Every structure is written in structure tokens, then in C-alpha cells.
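Undergrad: got a predicted structure here, sequence first:
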Amino acid sequence: MKTVPEKILENDIIDILMDWLKNDGWKIISFRKFRERGIDILTEKKGQTFIIEAKGAKGNPENSNTTRPKFDAGQLKTHLGVAVIKVLEERIKCPGSQIAIAHPDVPYIRSVISPVIPEFEKLGIRFLWVNTKSKRVQ
């Protein structure tokens, strides 16, 4: 079954990120998937902590509230705002940690989020684009 980019779930992004992080020498301390509370991925490498909040392109079909085939621009922005608050709160708990928000590398999502990324980067928030076809992260 071929994955339609707009139907990429948060769990897909988390799985690819964890493989990418492990291959880069990061130790996965904890991770959370659908319906689990907390930071999506917490990793460490050489005394550095890296906290990542992952986002998908649509809601999980197991959630009874999921009705749309993909998130619209308003939903993407709302989810981004929540993710920003979440990673900033985690950095307060763990000063000096790297923080990032990961999204599927889908043109539609890039078009909605890219304009504000430079402002968030000023706060030290990295943005990771996850390509589910090539399994690459940039």
C-alpha cells in the first residue's frame, strides 16, 4: 500500500526520527506515540539533551474526532503553536537542551509553516523536515 504524503501520521514521523537519531549516535531515553502524554522523543548524546516534538499531516484514524483527510492550514498553525509551547516548557525544565519540532516534508505543510520558521529559530527551536519516502531528515 502506497503512503499518500498528506496522510502521514505522527507515529510515522517518530519512527523515522528515532532511526535517524540512533544512526547519528543519539541514545533514545524515551518516546511517546499516539495518546501518550509527554515529549515525543527525548535523546542524549555526549552529555547533550535533544527534545523533539513530532507532528503528522493528519489525525490518527483511531481517534473518533478525525474526520478530515489532512490537517488544514488553521489546524497546522494551531498544532505548531502547541508544539512551540511544549518544547519551550521542556527547555525550561532542562536548560541548555536542544529543542526541535519535526514535520513531514510535504510541500503543502512547508508552504504553511516555512514563513514563520526564522522567527522560531531565533528562540533556538530547530525545525526538522522528515521525508517518509527516502527516510531522510533535514
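TA: Sure thing, it's come through.

Undergrad: against residue 42, how distant is residue 70?
TA: Distance, residue 70 to residue 42, by CB to CB, to the nearest Å: 28 Å. The way it works is simple: take the backbone N, C-alpha and C, and place the C-beta from them, glycine included.

Undergrad: who's the residue nearest to the spatial centre of the chain bridged to?
TA: The chain has residue 54 as the residue nearest its centroid, 1.9 Å off, counting by CA atoms, centre = their mean. On DSSP bridges, the residues paired with residue 54 through beta bridges are residue 102.

Undergrad: can you give me the helices in this protein?
TA: Along the chain, counting by DSSP state H, helices occupy 10-23, 73-93, 107-113, 117-121.

Undergrad: low-confidence ranges, the chain, go.
TA: Per-residue confidence for the chain (pLDDT under 70) gives these ranges: 1-6, 58-69.

Undergrad: same thing but at 80, please
TA: Counting by pLDDT under 80, the chain contains low-confidence ranges at 1-7, 34-36, 57-70.
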